[in-house]
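[1] Starting from these lines, generate the structure:
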Amino acid sequence: MRSWVGDLTCPLLGLFGAEDQHPSPEHVAVLETALKAAGKTYEFHSYDGAGHAFMQVDRPSYRPEATVDAWQRIWAWFGQYLLWSGSERSQICART
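    Numbers count the residues shown, from 1 in each chain. Sure, this is the predicted structure:
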């Protein structure tokens, strides 16, 4: 994991269900430790009572409140770290 963390050039947003096992909270903690050690920009959020695919509306795992919060965080993240260029809407990493 450390090898690809070191190669990461853009900020990373992680939205996780606390009940998920892929990745589990323990896996998320290991990733966070590696990101911190590498001095990377990241933001992680974990949602209690949510498991894998908690944002997928057609699954029993769907959690509306967590999903609304997650989408707000996604749009804020995009607004902070991505630039949209012209009609092709190409993404450019603005800050690392």
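
[2] which SS class is the residue most central in space within the chain?
    Among the residues of the chain, the one closest to the centroid is residue 14, at 2.0 Å (Cα atoms, centre = their mean). When classified by DSSP: H, G, I helix; E, B strand; the rest coil, residue 14 comes out as strand.

[3] That one bridge partners, please.
    residue 44 (DSSP bridges).

[4] If I follow the layout properly, it ends up in contact with residue 29?
    No. Counting by Cβ atoms under 8 Å, residue 14 sits too far from residue 29 to count as a contact (11.3 Å). For the C-beta atoms, the positions are set from N, CA and C on the backbone; glycine is no exception.

[5] ok so, going back, could you measure the residue nearest to the centre of the chain against residue 24, distance?
    13 Å (Cβ to Cβ, to the nearest Å).

[6] And for residue 35?
    Applying Cβ to Cβ to residue 35 and residue 24 gives a distance of 17 Å.
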